[in-house]
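In: Pasting the sequence and the predicted model now:
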Amino acid sequence: MESRHADPLTGLVPVLRSFVRWARRPLQPAVRLWRRNIQLRVVATTLLMSLGVVLLLGVVVIGQVKNGLLDAKRQTAQSQAVGGFAVAKETARAPDSGSAGADGQHSPDTATWLNSLVEGLASSGQGVYSVVALSSNAQEQPISRTADSPGTHAPRGSGGVRPEESVPADLRKALDERSDVFERYTSMKSDSVPDGEPALIVGQRLSDPNGKPFQLYYLFPFDQEEKTLGLVKGTLATAGIFVVVLLGAIAWLVVRQVVTPVRMAAQISERLAAGHLQERMKVTGEDDIARLGESFNKMAHTLQVKIQQLEDLSRMQRRFVSDVSHELRTPLTTVRMAADVIHEARADFDPATARSAELLQNQLDRFESMLSDLLEISRFDAGAAALEAEPIDLRDVVRRVVDGAEPIAERKGSRIVVHGDERPVTVEADARRVERVLRNLVVNAVEHGEGHDVHVRLASAGGAVAVAVRDYGVGLKPGEATRVFNRFWRADPARARTTGGTGLGLSIALEDARLHGGWLQAWGEPGGGSQFRLTLPRTGADSLRGSPIALEPEDSRRNRNRDLASTLSHRGMPPGATALDAATPPAPSHHSFPAPRFAAPAIPSMPFTPPRPPAADPAALPGNGARVVGHRAGGGTVTHPTTADEAREDDD
């Protein structure tokens with residue numbers, strides 16, 4: 001048997017995702033602000049680009065200044081050093097460059113001469129350069145300190161310079177090999193600066209009055225140049241910061257001139273959408289923004305005129321419906337009284353007249369129902385519908401609805417099966433309106449169920465309760481779920497209304513759901529029946545984010561095909577296999593209600609049994625929270641998804 005080992009990365013992926021979400025959470029406000037604020041993006045981009053330009057310009061300028069200072073320093077150092085070397089040569093050849101010996105002849109004192117030479121050359125360059133004299137390894141013979149030889153070419157330096165530590169070894173070697181003038185960059189160490197400071201050293205090999213070689217160096221520190229370069233850097237940094245801030249302010253002012261009218265247009269558009277049709281933009285000038293404002297105002301004026309016309313027409317229609325409905329009450333009452341008298345005396349009439357009396361009675365019942373629906377619709381249109389909410393148990397409401405629809409179901413040969421009534425399903429709602437909604441859904445399911453059973457399911461989870469009515473009749477065609485709640489809409493105009501429907505029931509039911517801050521949604525498939533779902537907030541303080549019952553039932557054709565494909569894949573069968581190819585039949589489902597009396601055309605070999613509704617889990621409510629429906633306890637209407645398409649994302 002093949003063993004299966006879990007991938008160690010499988011458990012690590014959720015941890016990484018959680019860490020990424022945790023790390024991104026503090027950045028979300030900044031990212032949201034960056035995406036929504038175009039002025040911030042333009043100003044920030046301008047600042048970054050300006051900063052880059054200033055940095056590039058600063059590097060170029062500082063480089064040029066530094067090169068210029070170095071070139072000037074080298075030229076000055078070369079000129080000063082060459083002059084000093086010439087003076088040293090002349091001094092070495094002078095007749096009085098030594099002292100008289102014991103025999104009356106001149107015997108040059110090298111130590112004294114070097115001391116006087118270094119002091120003399122350094123006297124004119126205090127703080128500008130230092131002079132160093134070192135012995136030369138070339139042709140140098142050890143000389144002991146005696147009376148005849150009072151000094152040697154010991155290291156000598158001016159200004160506290162440490163000669164042997166400040167002169168590079170490679171430079172001393174080069175001077176030993178050649179007598180040319182050499183220069184190097186070095187670190188000049190002195191008593192005041194033990195760690196050394198950058199300097200330019202220029203040296204040459206010379207001869208003392210005795211003809212013995214020694215090395216003479218000029219050391220030029222870069223302290224003045226460093227101060228100059230630091231001043232230039234500070235000036236450029238100050239100017240750069242000022243320029244960047246100034247460019248940012250200019251960009252903010254320029255963008256503000258463009259963004260402010262756009263923001264004003266967005267705010268006015270929101271107010272227009274909220275119903276404030278008199279809002280207009282302030283237009284100043286004759287530029288492109290001004291022309292845009294004028295065009296916007298013209299558009300707003302045209303929309304206001306059209307909307308007012310539509311409102312007037314709608315108001316006239318509502319008033320007409322309301323007036324006609326109220327005016328028909330009196331004559332209808334009179335006709336009803338006369339029809340009741342005729343209907344009670346129909347036994348004394350001939351068969352044709354008695355049948356006419358029965359038809360008159362039935363049509364008057366339908367007329368009264370339609371008139372009541374029209375009056376209810378007029379109240380919704382006028383905003384006069386009031387919600388009398390109180391805590392109720394939906395099981396009691398469902399039982400009353402089922403008891404009232406039983407006679408119709410018996411005539412149709414259907415059964416009404418209720419699921420989920422084992423536990424109380426409490427909700428704060430208007431019992432009369434909820435009962436009217438459910439009665440309409442159940443009666444429609446019985447009428448369009450083609451004699452199949454109708455299943456009513458109740459569920460509660462979190463802050464929502466739901467009632468779903470499922471039938472297995474003709475179903476709904478694609479797109480009809482969005483139009484089923486329209487007034488006087490009929491899926492099949494040629495279909496007779498055997499139960500006396502007026503075409504306003506679902507429209508009134510939708511308005512009742514809106515009044516509660518709930519959803520009324522429809523799903524259906526051709527030949528597979530339909531399901532209507534009513535979702536209500538448990539209390540007036542709750543807001544709907546999902547429903548404990550999925551809008552598309554588990555026994556839909558798509559879900560059954562998906563389950564079949566999953567079963568065949570689990571058994572190792574190819575993707576194109578059917579239920580007849582399975583070696584063993586699938587295990588029967590355990591459900592709490594009987595199977596509908598129809599066969600699925602897609603998989604005729606697998607008898608279908610409607611699945612048991614899963615236990616509602618508040619943590620697994622469908623919906624991603626993108627649509628939040630507020631509840632108004634004081635009555636009136638609220639904004640919420642009104643059709644299946646508008647709320648489909650909550651079920652997906």
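Out: That came through fine.
In: Could you pull out the strands in the stretch 201-350 of the chain for me?
Out: All strands of the stretch 201-350 of the chain, identified by DSSP state E, counting those that start in this stretch, fall at 213-221.
In: Could you do the chain as well?
Out: 99-100, 106-107, 130-135, 156-157, 182-188, 197-207, 213-221, 390-393, 416-419, 426-429, 454-461, 464-471, 519-524, 530-537 (DSSP state E).
In: Mind putting the ones you listed into TSV with mean pLDDT and distance to L360?
Out: C-betas here are computed from N, CA, C, even on glycine. Shown next, in TSV, are the strands of the chain (pLDDT from 0 to 100; distance: least, CB to CB, whole Å):
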stretch	mean pLDDT	distance to L360
strand 99-100	42	159
strand 106-107	45	161
strand 130-135	87	131
strand 156-157	82	135
strand 182-188	88	121
strand 197-207	88	119
strand 213-221	88	124
strand 390-393	89	38
strand 416-419	91	31
strand 426-429	88	38
strand 454-461	91	32
strand 464-471	92	32
strand 519-524	90	35
strand 530-537	91	33
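In: closest one to V321 among those strands?
Out: When these are ranked by distance to V321, counting by CB to CB, first place goes to strand 519-524 at 22.0 Å.
In: and that closest one, what other elements does it pack with?
Out: helix 505-515, strand 530-537 (3 or more CB pairs under 8 Å, 6 or more residues apart in numbering; DSSP states H and E).
In: just to revisit the earlier point, what's the closest of the strands of the chain to I250?
Out: Checking the strands of the chain against I250 by CB to CB gives strand 197-207 as the closest, at 40.7 Å.
In: Flag every buried residue along that closest one.
Out: Counting neighbours by 16 or more other CB atoms under 10 Å, one finds that the buried residues in strand 197-207 are E197, A199, L200, I201, V202, G203, Q204, R205, L206, S207.
In: Just send these back as TSV, with distance to L374 too.
Out: Shown next, in TSV, are the buried residues of strand 197-207 (distance: CB to CB, whole Å):
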residue	distance to L374
E197	102
A199	105
L200	105
I201	110
V202	112
G203	115
Q204	119
R205	122
L206	125
S207	129
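In: middle-most residue in this structure, spatially?
Out: Ranked by distance to the mean C-alpha position of the chain (CA atoms, centre = their mean), the top residue is R32 at 5.9 Å.
In: so what's that one up against?
Out: Listed by CB atoms under 8 Å, 6 or more residues apart in numbering, R32 has no contact partners.
In: Could you do A44 as well?
Out: Contacts of A44 were listed using CB under 8 Å, 6+ apart, and none were found.
In: related to what we said a few turns ago, which one of the buried residues of strand 197-207 is nearest to D403?
Out: Of all those, the one with the least separation from D403 (CB to CB) is E197, at 105.6 Å.
In: what sits against the closest one?
Out: Here E197 is in contact with S187, M188, P221, F222, D223 (CB under 8 Å, 6+ apart).
In: do the same with F214
Out: Residues in contact with F214 (CB under 8 Å, 6+ apart) are L114, A133, L134, S135, S136, H153, R205, L206, S207, D208.
In: Please work out which of the helices and strands packed on strand 519-524 is packed deepest.
Out: By mean neighbour count, with neighbours taken as mean count of other CB atoms under 10 Å, strand 530-537 ranks first of the helices and strands packed on strand 519-524 at a mean of 27.
In: what angle do it and strand 454-461 make?
Out: Between the direction of strand 530-537 and that of strand 454-461, the angle (axes from the mean of the first three to the mean of the last three CA atoms, to 10 degrees) works out to 30 degrees.
In: on contacts alone, who are the packing partners of strand 530-537?
Out: strand 426-429, helix 431-448, strand 464-471, helix 505-515, strand 519-524.
In: and these as TSV, adding distance to T91?
Out: Converted to TSV, those look like this (distance: least, CB to CB, whole Å):
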stretch	distance to T91
strand 426-429	115
helix 431-448	121
strand 464-471	108
helix 505-515	113
strand 519-524	110
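In: Select, out of the ones you listed, the one closest to R415.
Out: In terms of CB to CB, the element of those nearest to R415 is helix 431-448, at 9.7 Å.
In: what mean pLDDT does that closest one have?
Out: Along helix 431-448, the predicted local confidence has a mean pLDDT of 88.
In: now stretch 357-375
Out: Per-residue confidence for stretch 357-375 averages out to 77 on the pLDDT scale.
In: With just CA atoms, put that stretch into PDB.
Out: Extracted as PDB, the C-alpha positions of stretch 357-375 are listed here (Å, rounded to 0.1, in the frame of the first residue of the first chain):
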ATOM      1  CA  ALA A 357     -73.100  34.100  -9.400                       C
ATOM      2  CA  GLU A 358     -70.100  31.800  -8.400                       C
ATOM      3  CA  LEU A 359     -67.900  33.400 -11.000                       C
ATOM      4  CA  LEU A 360     -68.900  36.900  -9.800                       C
ATOM      5  CA  GLN A 361     -68.000  35.900  -6.200                       C
ATOM      6  CA  ASN A 362     -64.600  34.600  -7.200                       C
ATOM      7  CA  GLN A 363     -63.700  37.600  -9.300                       C
ATOM      8  CA  LEU A 364     -64.800  39.900  -6.500                       C
ATOM      9  CA  ASP A 365     -62.500  38.100  -4.100                       C
ATOM     10  CA  ARG A 366     -59.700  38.500  -6.600                       C
ATOM     11  CA  PHE A 367     -60.600  42.200  -7.100                       C
ATOM     12  CA  GLU A 368     -60.500  42.800  -3.400                       C
ATOM     13  CA  SER A 369     -57.100  41.100  -3.100                       C
ATOM     14  CA  MET A 370     -55.700  43.200  -5.900                       C
ATOM     15  CA  LEU A 371     -57.200  46.400  -4.400                       C
ATOM     16  CA  SER A 372     -55.600  45.500  -1.000                       C
ATOM     17  CA  ASP A 373     -52.200  45.000  -2.800                       C
ATOM     18  CA  LEU A 374     -52.500  48.300  -4.600                       C
ATOM     19  CA  LEU A 375     -53.200  50.100  -1.400                       C
END
